[in-house]
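J.: Predicted model follows, preceded by the sequence.
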Amino acid sequence: MITTTTLDNGVRIVSQNIPYMHTVSTGIWVANGTRHEDPADNGVAHFIEHMLFKGTERRSAHQITREIDSMGGLLNAFTGHEYVCYYAKVLSKFLPRALDLLADIFLYSTFPSDEIERERNVILQEIKMRDDSPEECIHDHFQQNFWQGQSLGMPVLGTMETITALTRDAICAHKQSRYRPCDIIIAAAGNVDHQQLVAILEPLFFRLASSWVSDGVVITPPQQSRVNAVEREMEQTLLCLGVPSFHYNHPDRYALFLMTTILGGGMSSRLFQEIREKRGLAYSVYSSIIAQSDAGALVVYAGTERAHCSEVMTIIRQELSRLSSDEVPDDELDAAREQLKGNTLMSLESSDNLMTRLAKNEIYFHKQTSIEDVIAGYDRVTVADIFGVARTLFRNGVTHLEALGPVSDLCL
């Protein structure tokens, strides 16, 4: 059962009790991420995420890690363009201790100056590590260039320049203003009692306040096709081809997920079969969805030898065209439907996935949706729906191609 309590200041506490589970996953989410940063402070949301583990008024950084280890638990965090999450996963008997630890780092971190300088160097190394990972690098570059000049195009990690320039005052001011009660969701899933959860958290969070107001800037999808090729000495050339797609809660999202699965969502998908199985042109090839609150992209990725780039791109474009010119067969749609339904249901056997689903429902739908509603959404999709989505996405001809590797004089 899913239960939600909203505190007087707007903080939402939502939980799902799964009594047979041994664990509880709890996350403190803030619906305010990289896209809400000022360009000069790009990377500050992720910087704050790092700093909240570096000491509070009651605990040193070492005490924080020792305490979660003493519970046999997991304590971590992540930052996206539209949210930040701090989470813990522990055995249910340790939930009160884990909540005390999570709340302490979230509410009472002290941001020591020496730790800021150490963590600044860590993040600069993280940026270099991302750039040394070609697949991670090209996806990051794709987002920056696809939403060029807009907030969704700012890298989550920031840049070498912005991270170097960030001051302690700017970091603290960003947390104070952007961690608004109305943007905070505390989600818990597993063997958890909702009333106990509220009883522990309400005295800690009810005083939070912030007067910051979002600028409400809406993202504009690309209006013309672009190619961005970056020369790098590598064995392969990596390709990301993307088109504007739907926002997170678009009414056609289920048809979009199914179409993307048919296109490149698994080993039986069209792209995998044509590019890898039939022709041996790539090891890794797939399609995926980037979905935000007001914008989205469908992206196809492939890594291949330079000599095969033109052939791979031709196949990708042919498959996109085929989806928008011919209806998919019923059996292919049914197979994709069962694949997504199975993946969805199996993911819910993990308390951390359940917790994430609760929080994202609050962020993007402002309500909880049942898993039965999701399954019904997949079941309602017809071949005509897939065809309509494909024509909407692929017929206007606007694409963005990102290429990384040996690309000089390459015709893309």
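T.: Looks like it arrived, so ask away. Values in this document were obtained by computation on a predicted structure and should not be read as measured data. Residues are numbered from 1 along each chain as shown.
J.: Helices along the stretch 51-200 of the chain, start to end?
T.: Secondary structure of the stretch 51-200 of the chain (DSSP state H, counting those that start in this stretch): helices at 61-70, 95-108, 113-132, 134-146, 160-165, 168-178, 194-205.
J.: For residue 6, find the nearest of those.
T.: Taking Cβ to Cβ, helix 194-205 is the member of the helices of the stretch 51-200 of the chain nearest to residue 6, at 10.3 Å. For glycine as for every other residue, the C-beta is placed from the backbone atoms N, C-alpha and C.
J.: Show me what that closest one packs onto, helices and strands only.
T.: In this structure, helix 194-205 packs against strand 2-6, strand 12-17, helix 95-108, strand 184-190, with contacts taken as 3 or more Cβ pairs under 8 Å, 6 or more residues apart in numbering; DSSP states H and E.
J.: Which is the succeeding secondary structure element to that helix?
T.: Scanning forward in sequence from helix 194-205 by DSSP states H and E, the next helix or strand is strand 226-231.
J.: Not counting its own residues, what contacts that following strand?
T.: With Cβ atoms under 8 Å, 6 or more residues apart in numbering as the test, strand 226-231 has contacts from 141, 145, 148, 400-408, 410, 412.
J.: just to revisit the earlier point, show me the one of the helices and strands packed on helix 194-205 that comes nearest residue 243.
T.: Among these, strand 184-190 comes nearest to residue 243, with 31.2 Å by Cβ to Cβ.
J.: quick one: that closest one to chain centroid distance?
T.: Shown here is strand 184-190, whose average C-alpha point lies 17 Å from the average C-alpha point of the whole chain (Cα atoms, centre = their mean, to the nearest Å).
J.: and that strand, what does it pack onto?
T.: The elements that strand 184-190 packs onto, with contact taken as 3+ Cβ pairs under 8 Å, 6+ apart, are strand 12-17, strand 23-30, helix 194-205, helix 351-360.
J.: Repeat the analysis, applying 6 Å as the threshold.
T.: Helices and strands touching strand 184-190, by 3 or more Cβ pairs under 6 Å, 6 or more residues apart in numbering; DSSP states H and E, are strand 12-17, strand 23-30, helix 351-360.
J.: tell me the most buried of those?
T.: strand 23-30 (a mean of 25; mean count of other Cβ atoms under 10 Å).
J.: partners of it in the sheet?
T.: Using DSSP bridges, the strands paired with strand 23-30 in its sheet are strand 84-91 (antiparallel), strand 184-190 (antiparallel).
J.: quick one: that strand to helix 351-360, angle?
T.: Between strand 23-30 and helix 351-360, the angle formed by their directions is 30 degrees, by axes from the mean of the first three to the mean of the last three Cα atoms, to 10 degrees.
J.: Please name the nearest non-neighbouring residue to residue 102.
T.: Beyond its immediate neighbours in the sequence, the residue positioned closest to residue 102 (Cβ to Cβ, 6 or more residues apart in numbering) is residue 88, lying 5.4 Å away.
J.: Beta-bridge partners for the one you found, please?
T.: When bridges are assigned using DSSP bridges, the partners listed for residue 88 are residue 26, residue 75.
J.: Mind pulling up the pLDDT for it?
T.: Among the per-residue scores, residue 88 shows a pLDDT of 98.
J.: What of residue 401?
T.: Residue 401 is assigned a predicted lDDT (pLDDT) of 97.
J.: Next, the contact list for it, please.
T.: Contact partners of residue 401, counting by Cβ atoms under 6 Å, 6 or more residues apart in numbering, are 227, 241, 412.
J.: Cheers, nothing more for now.
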